[in-house]
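Colleague: sequence and predicted structure below; questions after.
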Amino acid sequence: MSEIEKKVRLIVPEAPPPAVAKISEQRDFKTGGIRLGVLDNSKSNADHLLQFIIEGVKAHVKVASVVSLRKPSPSVPAEKALLDELSETTDCVISAMAD
């Protein structure tokens, strides 16, 4: 078989990505700034990583408040009450893993 005849066939066994909503160019935040939520999964150094992210967000977006909550263990999902609190008291939530 000559070099020209050789071909590589790549098969990607993933489903097509789901459709996403159109992202607007400008978000309307309250004039006082966003209420930022932080969910720490309690892995080692997650708190340090989240602090860096919070500082980065504050450098680019006006932040009115930060609500930081921590899961008791990285091996279990966040409890409904914790997620409800974040959804009621924040505009967006950042969650991170670290080691």
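Modeller: Ah, there it is.
Colleague: who's in contact with residue 63?
Modeller: 33-36, 54, 57 (CB atoms under 8 Å, 6 or more residues apart in numbering). Bear in mind the C-beta positions are built from the backbone N, C-alpha and C, glycine included.
Colleague: who wins for most neighbours among the residues you listed?
Modeller: With neighbours defined as other CB atoms under 10 Å, the most crowded of those is residue 36; it has 21 neighbours.
Colleague: how about the contacts of residue 63 in a markdown table, adding secondary structure?
Modeller: Putting these into a markdown table (DSSP: H, G, I helix; E, B strand; the rest coil) gives the following:
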| residue | secondary structure |
| --- | --- |
| 33 | coil |
| 34 | strand |
| 35 | strand |
| 36 | strand |
| 54 | helix |
| 57 | helix |
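Colleague: tell me how many other residues crowd residue 40.
Modeller: Quick note: residue 40 (other CB under 10 Å) scores 20 neighbours.
Colleague: and it, how far is that from residue 95?
Modeller: Distance, residue 40 to residue 95, using CB to CB, to the nearest Å: 8 Å.
Colleague: now for residue 50: which residues touch it?
Modeller: So residue 50 contacts 38, 40, 68, 94, 96 (CB under 8 Å, 6+ apart).
Colleague: mind checking the SS state of it?
Modeller: helix.
Colleague: now which of the contacts of residue 50 would you call buried?
Modeller: Buried by 16 or more other CB atoms under 10 Å: 38, 40, 94, 96, out of those.
Colleague: backbone phi and psi for the last one, please?
Modeller: For residue 96, the backbone dihedrals (degrees, to the nearest 10) come out as phi -140, psi 150.
Colleague: specify the beta-bridge partners of residue 69.
Modeller: On the basis of DSSP bridges, residue 69 is bridged to residue 39.
Colleague: distance of it relative to residue 56?
Modeller: On the measure of CB to CB, residue 69 and residue 56 end up 20 Å apart.
Colleague: more crowded one of the two?
Modeller: residue 69 (17 against 11).
Colleague: make sure that one is actually in contact with residue 42.
Modeller: No. The pair residue 69 / residue 42 is not scored as a contact, 10.5 Å apart, by CB atoms under 8 Å.
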